[in-house]
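[1] A predicted structure for the sequence below; I have some questions about it.
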Amino acid sequence: MIKLQGKIEKYLMSISLKKKLMLLFVFCVLIPLFITDGIVFYNMYKVNRITKEQELRSDAEAIKYSFVDSLNYPSKIIQNVYKNEEIEELLNKQYYDPLDYYTAYMDFKRNSIYESWLGIGNETLEIYADNDTILNGGMFYKMEPIKNEAWYKKLDEGDGMVLSFDFSKEPTDTSSKRNVLLMRKMEMARKNRCEKVIKLTINYRKFQDSVLGEGIESDAYICLGDKLLMTNVGGTHLKEAYRFMDKSVKPDYQQDIYIYGETYNIYLKSKGFGIWMLDYKSTIMVLIMLFISFILPVYMIKQLDYVVAQRVSRMSRILENADDEHLKKIHDIEGDDEISSLMVNYNRMVDRMNSLIQTSYIDKLKQQEMDIARQNAELLALHSQINPHFLFNALESIRMHSLLKNEKETAEMVEHLAVMQRVNVDWHSDSVSVEEEMKFAQAYLELQKYRFGERLSYSLDVDPSCYGYMLPKLSIVTFIENACVHGIESKTEPGWIFVRIYKDDKNIFFEVEDTGIGMDEEMRENLLFKMNHASLELIKTGTGVGMTNASLRLKMMTKDTLKIEIETEMGVGTNIRIIIPLDVNDNLEKNLEKNLEKNKEKNL
């Protein structure tokens, strides 16, 4: 958790103030508002959906009740007619002639409640009998003509009361129209009895108005399977044949009616935007909340960006020029807040700083000139000390060899001495390439071999990629000389001197190792201290001049970035390692060719 908080703080400190304000708006305003509004919207949607589902359920229950109730009275009529003894007797009897039937029919009419059966208003009752001796009229008809009718075949397939939505022509009407039929067989034909069918025709328009009245608020569809029987969408469709349900209509609610052996489906669809959408008032409320939750905060954050972030960015751009010799002031300062006060105080500081820069600039230049002159004087002093030091040792070698040998090898020694002297007297530049330094070192070691004979062996192992790097003249040779004088000379057995120069990705390494007498820990610490803290004061002490001199010049050339290590063991030898960063030496390498060209021109 602490690491995560640290990463967040680090990220916030690395982005602009404008982005900080945006993050503040997003995480502290926008996201909480979205969560809060989301909960409110969800509850509004849920309440709206429940309300509409209740409305649809209420409409479905009303349609179901009206559907059943509208068929209740017609079904009672059929029940009254069903197995009526007087009708059975009238229709089962075989008549001699039409007059005989008419007389019986009139007697039935006088002695029955026939008038009340036909006084229902919306229904028409018809009874069909398989008796050819009766006459068609009133409410009794012969069965033979209807046996091919669709409604009769449907009745023949069922058992009990049958409901049918019929589309056919009326005898008194030239056009076709819809009817609702409620039918039942009175009894199957038996001995001395004929087949009889009751058909009650219900007015389709009045039936639909009763079922889908004005109280139904949703779009309703009543179907039998895929067949659309009634709907309150697009008129009554009284004179149109029944069609199939439109598959593109996706109902929001469904309820079934099981009556007279068949299942009728009630499909309801909410008017307007449907059950999933908010109503008009809720939509207006949502839009108002969105405006308050999003648009106003965005407007305010843009205003804050102008009055805070942009002015801070303007001041930041001015402060980016702080390294210039002349600081710029901020013009057209607006407002009276803390940022405006900061800008005013900055302008005051600029006036003072510009005045101080102008006052101290000339003094600074003079001080730099004095420092350069002092460094040049120190360098010349170092040169004057090191030249006779090397020359003395070289000449001493020639003298000792001449006294002992007094032979022809003197000429070779003088030749090596000439090589050294040529480099030694060329003090117009204190820098020399590694390649040139190694030529001098080899000449010096060859002279020392004449002095020590078989007691001295040496190895120069230099990475060719290091030849171009620059270092102070005679610096490495100084360490080689120290290895000869203080290492090999004091040892009676043969010894070796190893010089290794190599590099890696970051540093260049100079190693001078001897197999001489070595030194104790106190001597090592004393020598390492002088090399790491080399200065003119230490050189003036008169001890360890050569090593301190070389270390000081190396420190001056590398801007005190080198590292010196000493490994030694008594009776085994000493290894001095000098480590110089490559980024310091790269600039010296680039100037090598220019220095060589200048030397050539001078020699010419």
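    Yep, that arrived.
[2] can you list the weak-confidence ranges in the stretch 51-200 of the chain?
    Flagging of the stretch 51-200 of the chain using pLDDT under 70 yields the residue ranges 113-122, 158, 169-175, 187-192.
[3] Export stretch 93-102 to CSV, keeping only CA atoms.
    Backbone C-alpha positions of stretch 93-102 (Å, rounded to 0.1, in the frame of the first residue of the first chain) are rendered in CSV as follows:
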residue,chain,number,x,y,z
LYS,A,93,-90.6,-35.3,-34.4
GLN,A,94,-91.2,-36.3,-38.0
TYR,A,95,-93.9,-34.0,-39.6
TYR,A,96,-96.3,-35.0,-42.4
ASP,A,97,-96.2,-31.7,-44.1
PRO,A,98,-95.0,-28.1,-43.5
LEU,A,99,-98.3,-27.1,-42.0
ASP,A,100,-98.0,-29.8,-39.4
TYR,A,101,-94.5,-28.4,-38.5
TYR,A,102,-95.8,-24.8,-38.5
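[4] any chance you could map the helices in the stretch 401-550 of the chain?
    In the stretch 401-550 of the chain, the segments counted as helices under DSSP state H, counting those that start in this stretch are 410-424, 434-452, 475-483, 521-532, 536-540, 545-557.
[5] Out of those helices, the one nearest K491 is which?
    Go through the helices of the stretch 401-550 of the chain one by one with CB to CB and the one that ends up closest to K491 is helix 434-452, at 9.8 Å. C-beta here means a position set from N, CA and C on the backbone, and glycine is covered the same way.
[6] For that closest one, the averaged confidence score.
    The predicted model assigns helix 434-452 a mean pLDDT of 85.
[7] Now that helix: buried residues?
    Within helix 434-452, the residues that qualify as buried are 434, 436-438, 440-445, 447-452, counting by 16 or more other CB atoms under 10 Å.
[8] With respect to L99, which of the residues you listed is nearest?
    Ranked by distance to L99 (CB to CB), the buried residues of helix 434-452 are led by V434 at 151.5 Å.
[9] The closest one and S490, how far apart?
    29 Å (CB to CB, to the nearest Å).
[10] With Y204 instead?
    As for Y204, its distance to S490 is 135 Å (criterion: CB to CB).
[11] And the two? Which one has more around it.
    Remark: of Y204 and S490, Y204 carries more neighbours, 21 against 11, as counted by other CB atoms under 10 Å.
[12] Give the full set of residues in contact with the residue located most distally from the centre of the chain.
    Within the chain, Y96 marks the point farthest from the mean C-alpha position, 100.1 Å out by CA atoms, centre = their mean. When contacts are counted by CB atoms under 8 Å, 6 or more residues apart in numbering, Y96 is found next to T133.
[13] Assign a three-state SS to it, would you?
    Reduced to three states with DSSP: H, G, I helix; E, B strand; the rest coil, the structure at Y96 is coil.
[14] ok, it to T133 distance?
    Distance of Y96 to T133, computed by CB to CB: 8 Å.
[15] ok so, going back, figure out which of the helices of the stretch 401-550 of the chain is closest to I576.
    With respect to I576, and counting by CB to CB, the nearest of those is helix 475-483 at 5.6 Å.
[16] relative to helix 521-532, how tilted is that closest one?
    Here the directions of helix 475-483 and helix 521-532 differ by 160 degrees (axes from the mean of the first three to the mean of the last three CA atoms, to 10 degrees).
[17] Which strands or helices does helix 475-483 pack on?
    On a contact count with 3 or more CB pairs under 8 Å, 6 or more residues apart in numbering; DSSP states H and E, helix 475-483 meets helix 338-404, helix 434-452, strand 495-503, strand 507-514, helix 545-557, strand 573-581.
[18] Go again with 10 Å.
    With contacts defined as 3 or more CB pairs under 10 Å, 6 or more residues apart in numbering; DSSP states H and E, the packing partners of helix 475-483 are helix 338-404, helix 410-424, helix 434-452, strand 456-462, strand 495-503, strand 507-514, helix 545-557, strand 573-581.
[19] By mean pLDDT, show me the worst of those.
    helix 410-424 (a mean of 58).
[20] how many other residues sit next to L238?
    Neighbour count of L238, defined by other CB under 10 Å: 15.
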